[in-house]
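[1] dropping the sequence and predicted coords here.
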Amino acid sequence: MKLLTPETGSLDLAASTACDRIATPVLSPLRDAAWRRLLDIDWRVVATIAARLVVVAAGIVSSIVTARALRPAGRGEYFLAVTTAQLLAQFTNFGLPSGNTYFVARDRSLFTGLLANSFWISFLVVPAIGLIWMGLSSSGFGWSATSHATSWFAIALAPLILFNLLGSNLFVGLNKLGTFNAVQVGGAVVVLPFMLLAGHLQAGPTGFLTASVGGWSVVALVIAVLLRRHAVGSLRFRPEVFRMTFSYSTRAYLATLAGFIVLRINVFILHALAGSEQVGYYSIASQITDAVAILPQSIALVLFPQLVSSRRHRGRTTVENALRTAVILAVICVAIWLVAPPAIQFAFGSRFLPAVPVVRAMLPGVLLVGVTAIVSQYLAASGMPVSVVVTWFGGVGLTAIMGRALVHRYGAVGAGVTLSVTYGVILTVLSILTWRMAVRSSQDVATHEEN
């Protein structure tokens with residue numbers, strides 16, 4: 001979030017006592033300045049949040065339709081297939097989502113190469129790896145939690161998910177947040193009618209997956225057309241651009257991959273130990289917490305390019321945004337805790353009331369991971385140190401071990417508790433890393449100014 005430096009005003013030293021010179025002109029303006037910075041509003045973030053709210057609203061409507069049409073077990077099967085597609089897209093993105101924003105913000109001449117590479121990786125590499133995975137699973141050499149039929153839908157959906165993400169990040173790198181928001185809203189508006197039609201036809205899990213593929217195909221085509229207008233030359237694969245961005249993108253890839261595994265691994269643990277019904281309850285809780293996540297995601301989205309281009313005030317800007325995010329999320333989480341029972345019963349029906357304790361178990365994690373998203377922007381803008389990758393993979397191990405123990409005993413509620421505890425540990429470690437890096441950075445800036 002963009003922060004304005006407030007004026008501290010002039011000091012009338014002649015009219016002040018010695019005590020006033022210390023207390024009033026110095027401490028009071030500094031205190032007021034801190035509050036003004038903390039409460040400052042960046043309207044780009046407001047617009048981004050508004051766009052995300054529309055997307056989330058459409059997603060909630062889709063969730064209600066799928067929940068009422070498929071019931072817990074069918075909803076669990078559908079959610080498992082979508083999660084598999086997301087996991088496939090995450091495994092095969094090669095760090096391009098973060099790399100696209102980072103490198104386009106630094107050097108716009110790389111845009112065409114990044115767009116071309118995004119296209120080829122999304123629509124050639126991802127399906128190829130998906131087919132290999134499905135072949136190994138069918139032969140007994142691989143692992144798959146989905147049926148053979150839904151695996152095909154996962155392979156079809158994964159390239160569309162990835163290209164939508166890569167294209168959106170290119171808009172952010174170009175500082176075209178208006179276009180980014182319009183694409184997000186337009187995508188939600190396009191996909192929703194497909195889902196409503198599937199619900200009207202009582203199409204079952206495969207019908208809803210077909211609707212998802214159809215809707216996101218239209219969205220991907222629109223994104224490709226809009227991005228092509230900014231490209232110069234052909235869209236052949238650019239190996240030189242891939243090599244140039246490889247080091248940073250690889251670290252970003254590993255960190256985001258680990259973050260996604262932490263977020264979604266409980267889906268597979270739940271399916272293996274507790275069955276599709278518990279996955280169905282967990283999916284409703286995830287939908288609600290994902291809606292809250294739009295706030296820190298939107299702040300981080302606007303904040304990242306600013307941190308990349310500005311080193312001097314990077315630490316202060318990060319702290320102010322993290323504090324602001326924590327306060328707002330705390331209020332939201334308390335409100336959700338109170339209204340969850342009637343809201344879930346009204347939206348999804350009484351059969352989904354077991355999702356209420358799952359939501360409440362996940363709320364501390366919502367607050368913690370929201371602050372983590374802001375802190376992580378500082379580390380990403382500072383070159384993505386390897387320690388960030390190690391921290392997130394430590395979180396994967398903690399989630400797997402704790403999740404298996406708690407899910408076996410408490411089902412979906414245990415999965416929610418696991419997520420909250422893991423995010424608390426990750427935030428603690430990343431905050432320490434950020435503080436140490438900020439101290440070194442301030443010392444480097446001071447040394448440079450002295451020279």
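    Looks like it arrived, so ask away. Residues are numbered from 1 along each chain as shown.
[2] now P385. Its backbone dihedrals?
    Dihedral pair for P385: phi -60, psi 150, per degrees, to the nearest 10.
[3] hang on, it packs against R436?
    No: in this structure, P385 is not within contact of R436 by C-beta atoms under 8 Å, at 9.9 Å. Every C-beta, even on glycine, is put in place using the N, C-alpha and C of the backbone.
[4] of these two, who's got more company?
    P385 (16 against 12; other C-beta atoms under 10 Å).
[5] quick one: contacts for the more buried one?
    P385 sits next to 251, 379, 433, 437 when contact means C-beta atoms under 8 Å, 6 or more residues apart in numbering.
[6] in this structure, what helix or strand scores lowest on average pLDDT?
    Least confident helix or strand of the chain, by mean pLDDT, DSSP states H and E, is helix 18-22 with a mean of 40.
[7] just to revisit the earlier point, which of the contacts of P385 lies closest to P97?
    R251 (12.8 Å; C-beta to C-beta).
[8] give me the nearest residue to that closest one, chain neighbours excluded.
    Nearest non-adjacent residue to R251, counting by C-beta to C-beta, 6 or more residues apart in numbering: M384, 4.2 Å away.
[9] try S431
    The shortest distance from S431 to any non-neighbouring residue, by C-beta to C-beta, 6+ apart, is to V375 (5.8 Å).
[10] other SSEs contacting the helix or strand harbouring that neighbour?
    Per DSSP states H and E, V375 falls inside helix 355-381. With contacts defined as 3 or more C-beta pairs under 8 Å, 6 or more residues apart in numbering; DSSP states H and E, helix 355-381 has these neighbours: helix 96-106, helix 276-292, helix 294-309, helix 314-348, helix 386-410, helix 412-450.
[11] I'd like these as TSV, with mean pLDDT and distance to A116 appended.
    Below are those laid out as TSV (pLDDT from 0 to 100; distance: least, C-beta to C-beta, whole Å):
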stretch	mean pLDDT	distance to A116
helix 96-106	85	11
helix 276-292	86	31
helix 294-309	83	22
helix 314-348	90	31
helix 386-410	92	27
helix 412-450	84	33
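[12] report the angle between the longest helix along the chain and helix 314-348.
    Counting residues, the longest helix found in the chain (DSSP state H) is helix 43-91. Going by axes from the mean of the first three to the mean of the last three C-alpha atoms, to 10 degrees, helix 43-91 is angled at 80 degrees with respect to helix 314-348.
[13] how far does helix 43-91 sit from its chain's centre?
    A distance of 13 Å separates the centroid of the chain from that of helix 43-91, by C-alpha atoms, centre = their mean, to the nearest Å.
[14] related to what we said a few turns ago, so which of the helices and strands packed on helix 355-381 is nearest G187?
    Closest approach to G187 among the helices and strands packed on helix 355-381 is made by helix 294-309 (14.3 Å; C-beta to C-beta).
[15] now the closest one against helix 314-348, angle please.
    Using the same axes, to 10 degrees: helix 294-309 against helix 314-348 is 160 degrees.
[16] who are the packing partners of helix 294-309?
    Applying 3+ C-beta pairs under 8 Å, 6+ apart, we find helix 294-309 packed against helix 43-91, helix 96-106, helix 148-173, helix 314-348, helix 355-381.
[17] coming back round to it: distance check, the residue nearest to S431 against P296.
    10 Å (C-beta to C-beta, to the nearest Å).
[18] what is the burial count for W43?
    9.
[19] test my guess that G113 contacts P239.
    No: using C-beta under 8 Å, G113 is not in contact with P239, being 9.3 Å away.
[20] more neighbours: the two, which one.
    Neighbour count, other C-beta under 10 Å: between G113 and P239, G113 has more, with 22 against 10.
[21] any chance of the contacts of P385 in a markdown table, with neighbour count and distance to N164 too?
    Formatted as a markdown table, the contacts of P385 follow (neighbours: other C-beta atoms under 10 Å; distance: C-beta to C-beta, whole Å):
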| residue | neighbour count | distance to N164 |
| --- | --- | --- |
| R251 | 21 | 23 |
| L379 | 21 | 25 |
| L433 | 20 | 31 |
| M437 | 18 | 32 |
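[22] contacting residues around G280?
    The neighbourhood of G280, defined by C-beta under 8 Å, 6+ apart, consists of 67, 71-76, 79, 352.
[23] mind giving me the domain ranges of this protein?
    For the chain, automatic domain parsing gives the domain ranges 44-244, 247-451.
[24] name the SS class of I261, please.
    I261 carries the three-state label helix when classified by DSSP: H, G, I helix; E, B strand; the rest coil.
[25] what about it, how many neighbours?
    Other residues near I261 come to 20 when the count uses other C-beta under 10 Å.
[26] wouldn't it be in contact with L398 here?
    No: using C-beta under 8 Å, I261 is not in contact with L398, being 11.4 Å away.
[27] re the thing from before, are any of the contacts of G280 buried, and if so which?
    67, 71-72, 74-76, 79, 352 (16 or more other C-beta atoms under 10 Å).
[28] circling back: would you turn the contacts of G280 into TSV with pLDDT?
    Conversion of the contacts of G280 to TSV gives the following (pLDDT from 0 to 100):
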residue	pLDDT
A67	81
R71	76
P72	76
A73	76
G74	80
R75	79
G76	79
F79	81
F352	88
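[29] of the residues you listed, closest to L368?
    Looking at these and their distance to L368, the nearest is F79, at 23.4 Å (C-beta to C-beta).
[30] and for the closest one, nearest residue in space, chain neighbours not counted?
    Once flanking residues are discounted, F79 sits nearest to S283: 4.0 Å by C-beta to C-beta, 6+ apart.
[31] can you give me the distance of that neighbour to W337?
    Using C-beta to C-beta, S283 is found at 19 Å from W337.
[32] can you check I64 too?
    Separation of I64 from W337 (C-beta to C-beta): 21 Å.
[33] my read: A347 touches I60, true?
    Yes: counting by C-beta under 8 Å, A347 sits close enough to I60 to count as a contact (7.3 Å).
[34] quick check, L88 in contact with G130.
    Yes: using C-beta under 8 Å, L88 is in contact with G130, at 5.5 Å.
[35] between the two, what contacts are shared?
    154-155, 158.
[36] now do the residue positioned nearest the centre of the chain against T372, distance only.
    In the chain, the residue lying closest to the centroid (C-alpha atoms, centre = their mean) is Q297, at 5.8 Å. Shown here: Q297 relative to T372, a distance of 11 Å by C-beta to C-beta.
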